[in-house]
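1. I would like the atomic coordinates for the input below:
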Amino acid sequence: MAQGMKRLGTPIAALLGVALIALIATSWLINRDALRKAVEAQIRDVTGLELNVAGAIDISVLPASYISFHDVGLKGGGTSDPALRVDVLTANLRLLPLLLQRFEIADLTLLRPRIHVSLKPDGESNWTPFIQTIARTMKPGAENQVSFSEIRIQDGVLNYEDAATHATEQFDDIDLSLAWPSISRSFAATGQFDWRGERVDGSISFADFVAALSGDRSGLKARIASAPLKLAFDGSVANRTSPMMEGTLTIDSPSLRNALRWTGQPQPASGGFGRFALKARANVVGASIALTNVNVELDGNAAEGVMTYANNGRQTLQATLAADTLDFTPYISTFRLLASGARDWNRQLFDLNGLSTTDLDMRLSAARLTVGPSKLGRTAIGANLRNGTLALSVGEAQVYGGIAKGSFGIARADTVADIKAQFQFTDVDLQACASELFGLNKLSGRGNINVSLVASGSSPFGLVQSLDGSATVTGHNGAISGFNAEQLLKRLERRPLSGGGNFRNGSTPYDNLTIAVKFSDGVATAEDIRVEGPAAKITMTGTASVPTREYDMKGVASLNSASGFELPFVVQGPWDDPLIFPDPESLIRRSPASAPLLDMLKDRKAGDAVRSAIERITGGGKRPAPAESPTAENAKENAKSN
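-> As a prediction, the model looks like this:
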């Protein structure tokens, strides 16, 4: 075996020696001018770009076979400005053809290229001739078929501009490897680049590169991964008359708000729009994307349905989604009607910028919906945003133990929001509804609420100052907390001046409740307020200021007994803790002892009236005047004479 190896090694060594001698001879005998022209011709034939060399040219055969061009410009398609500038363009040569004095490029390396892509209004670009040439030279059966197995880009910069939209983008520090082996129909590009301050790792592959370049259907896989966003597509692509894609689209982002900011899209108002994930069957035609079999997740909310997105000068989003559970709390947590003190309306200006950038048409249904402290059952919501006007409609919502329907609209006029709201609550828990919607926690029972309001302002405080409209409440089998009308009336009927030490304790039950108010410039005027209970009845009139959140009202409480005792009272002070006290004049009149005081004080002879009232209260009656003494009579006559 040893002898056999020696016999085999001798011819191998001789062959290697001959190859080495041939390489050395080739390096001496190579026609450098012919090599340069051959390489330039191949680059021109493959890419359609003309090579203009302004710097030095380096040629090497050993130990590596390559030719390097310094300060290179490549242009084509009749353009005067180069579509590509490269500091150093290196063409690595195939070794065996080189030994036969044939110059064939194995692959290209572009060091610090500066790529310029300009898209014309008709959809053509300065790279269209390059793409057409690549498709023509790689087509099976083409004459002088030449291809590169790989093009490597190192430390490149790409500038993009769209003449139609005037959009510009720049990609920096590009490190890519573009590969389309001559023995395969596929094409793949992998690498990294910087875009808008983020490092992006991406890859793209075509199953049939020639078909893709020609606009025919080809398999496509694409992936983009960065800190703000990850995107993947697996499907097919074609470009006959307009770009078309069909396949599975997957998007994932730890913060949708940051992803929108990074991609240059308008950001929604503060609150929510964090963790986001989407998986759907996508059909892309031009600038429109239709998504079916959608599974979308945002801020922990998961939904299914269909979506359509278009960007034809203005962004438009249409969606029909259904979910089991939704929580809208993140989107309203930063919107506060009341200031931190809870006694004054918030004066922070609205941010209405999000109403003017996107058109929205959404239908959303959920088995359970949470909005702040409110828990809703099965709910159907429609949202339409067009030309800065937002319209929300609630087809039907199970809330507060009843049903709610209505609409809510916001129209933007510069920095001012015009608000319109109409809602109907049917057979709801009045305590929960009034507490969460209006900040009133004194009312319980079940009933109906109808609200129709309009307002205009740049903050919640501005809205309540201009509030107009009406509201009605009808209730039954409930109570008003804060006082017990029956006990109070019976006590004051017996002892009108007994005081009100326990006046603000207890509650007043009712069988029927009616409240009807009108709003004008932020002031609510009572048109009809009646509380009818089993033992007492209450009627009220007056006003309530919405901006100051204060009552200024009067009422009459009466017993449903044979005596029919009535007591006027006054309600004044803040909504959350008003003062309720009886009319003092009425109490004085009800007292047998003090009532004469009130009448007699109105007489001109106030002194005699008061003295007479005091004598009645003390029970002394009218006493005869004592006989006057002579001294007193003389003193009176002296006074008259004086």
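2. middle-most residue in the protein, spatially?
-> With distances taken as C-alpha atoms, centre = their mean, Pro268 lies nearest the centre of the chain, 3.8 Å away.
3. tell me where the stretch 251-400 of the chain has helices.
-> 256-262, 329-332 (DSSP state H, counting those that start in this stretch).
4. buried set for the longest one?
-> Of all the residues in helix 256-262, those buried under the rule 16 or more other C-beta atoms under 10 Å are Leu256, Arg257, Asn258, Ala259, Leu260, Trp262. Where C-beta positions appear, they are placed from N, C-alpha and C, glycine not excepted.
5. where does the stretch 201-350 of the chain dip in pLDDT?
-> For the stretch 201-350 of the chain, applying pLDDT under 70 flags the ranges 269-270, 333-343.
6. now do the stretch 51-200 of the chain
-> Within the stretch 51-200 of the chain, the stretches with pLDDT under 70 are 76-80, 99-100, 137-147, 181-184.
7. do you have the strands of it handy? List them.
-> Counting by DSSP state E, counting those that start in this stretch, one finds strands in the stretch 51-200 of the chain at the ranges 57-60, 66-75, 84-93, 105-119, 150-162, 167-179, 187-195, 198-206.
8. winner for burial among those?
-> For these, the largest average neighbour count (mean count of other C-beta atoms under 10 Å) is found in strand 84-93, namely a mean of 22.
9. for that one, packing partners?
-> Identification of packing neighbours for strand 84-93 by 3 or more C-beta pairs under 8 Å, 6 or more residues apart in numbering; DSSP states H and E yields helix 32-47, strand 66-75, strand 105-119.
10. got those as CSV, with distance to Pro547 columns?
-> Below are the helices and strands packed on strand 84-93 laid out as CSV (distance: least, C-beta to C-beta, whole Å):
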stretch, distance to Pro547
helix 32-47, 72
strand 66-75, 69
strand 105-119, 55
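11. what about those, which gets the closest to Leu231?
-> The closest of the helices and strands packed on strand 84-93 to Leu231 is strand 105-119. By C-beta to C-beta, the value is 20.5 Å.
12. packing partners for the closest one?
-> For strand 105-119, the packing partners by 3+ C-beta pairs under 8 Å, 6+ apart are helix 32-47, strand 84-93, strand 150-162.
13. who does whatever helix or strand Ala421 lives in pair up with?
-> Here Ala421, judged by DSSP states H and E, is contained in strand 416-429. According to DSSP bridges, strand 416-429 forms sheet pairs with strand 402-413 (antiparallel), strand 443-457 (antiparallel).
14. nearest to Ile59, of those strands?
-> Proximity to Ile59, assessed across those by C-beta to C-beta, is greatest for strand 402-413 (67.2 Å).
15. chain center to the closest one, what's the gap?
-> Averaging C-alpha positions (C-alpha atoms, centre = their mean, to the nearest Å) puts strand 402-413 17 Å from its chain's average.
16. hey, which of the strands paired with strand 416-429 is tucked in deepest?
-> For the strands paired with strand 416-429, the largest average neighbour count (mean count of other C-beta under 10 Å) is found in strand 443-457, namely a mean of 19.
17. got a list of contacts for the following helix or strand past the strand holding Ala421?
-> Downstream of strand 416-429, the first helix or strand assigned by DSSP H and E is helix 430-438. With C-beta atoms under 8 Å, 6 or more residues apart in numbering as the test, helix 430-438 has contacts from 372-374, 399-401, 425, 440-441, 443-447, 449, 473, 475, 478.
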